[in-house]
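> predicted structure and sequence below. I'll ask about it afterward.
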Amino acid sequence: MEHFKDHSLYDHNNNRGAKSIVNPRRVFYMTTAHMAEYFYGEYSVNTNKDRNTKASVDRQALHDKMRYNHYACKSFEEFSSRIENGRVFSPGKLPIDEFYNRDRNEIKNDTIMDKYIQKVKDNLKLRFER
C-alpha cells in the first residue's frame, strides 16, 4: 500500500472479474475466486444490494463502498522473479506481456489506502510475532 499508489482507471477491462465476498452459509461451491454456485434461490449482489444478473467479467466493477487492491504485477523486478513460477491455475511460465498488460498507472499517487497502512502493519506484527 505504501509503494504502489498508481493504478489503472477504474473502468479498465482488467478490473473486471471481481473477487467474491460471500456468506459461506449460502454458497454451495466456489468455482473460482470470482464465482460461486449458490444454494437454490440464493444469488450474489453488488454493493448496493442489487442482484447481479451478469457474470463479473461482463459488468463494470463498483468502487463506491469498498475496494480490493490486487497488486498483480507490482514492479518489473518483482514480476520478473515470478515468471518461472507461472500462474496458480495453469502450468508454464508467465509471459512477459502479462506485465505490460497489467502495469497500468493512469491514476497517480492515490492516497485512499494511506489511512489503513499503520493498522495493517500493527495487525501483521501481532499475527507474525508469535
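Perfect, thanks for sending it. If you're wondering where the values come from, they're calculated on a predicted model, not measured in any experiment.

> may I have the biggest helix by length in the chain as PDB, with CA atoms only?
Secondary structure of the chain per DSSP state H: the longest helix is helix 117-128. Output in PDB follows, covering the C-alpha atoms of helix 117-128 (Å, rounded to 0.1, in the frame of the first residue of the first chain):
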ATOM      1  CA  ILE A 117      -1.200   1.400   6.500                       C
ATOM      2  CA  GLN A 118      -0.500   1.600  10.200                       C
ATOM      3  CA  LYS A 119      -3.400  -0.600  11.100                       C
ATOM      4  CA  VAL A 120      -2.300  -3.300   8.700                       C
ATOM      5  CA  LYS A 121       1.300  -3.100  10.000                       C
ATOM      6  CA  ASP A 122       0.100  -3.400  13.600                       C
ATOM      7  CA  ASN A 123      -2.100  -6.400  12.700                       C
ATOM      8  CA  LEU A 124       0.700  -8.100  10.800                       C
ATOM      9  CA  LYS A 125       3.100  -7.500  13.700                       C
ATOM     10  CA  LEU A 126       0.600  -9.100  16.100                       C
ATOM     11  CA  ARG A 127      -0.100 -12.000  13.800                       C
ATOM     12  CA  PHE A 128       3.500 -12.900  12.900                       C
END
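
> would you mark the buried spots in that helix?
Judged by neighbour count using 16 or more other CB atoms under 10 Å, helix 117-128 contains no buried positions. C-beta: built from backbone N, CA, C; applies to glycine.

> in the chain, which residue is closest to the centre?
Computing the C-alpha centroid of the chain and ranking residues by CA atoms, centre = their mean puts His70 first, at 3.8 Å.

> quick one: pLDDT of the closest residue to that one other than its chain neighbours?
Once flanking residues are discounted, His70 sits nearest to Lys19: 7.7 Å by CB to CB, 6 or more residues apart in numbering. Per-residue confidence (pLDDT) for Lys19: 71.

> ok, now His34?
Reported pLDDT for His34: 76.

> report the contact partners of it.
The contact partners of His34, by CB atoms under 8 Å, 6 or more residues apart in numbering, come to Gly17, Ala18, Lys19, Ser20, Ser56, Val57.
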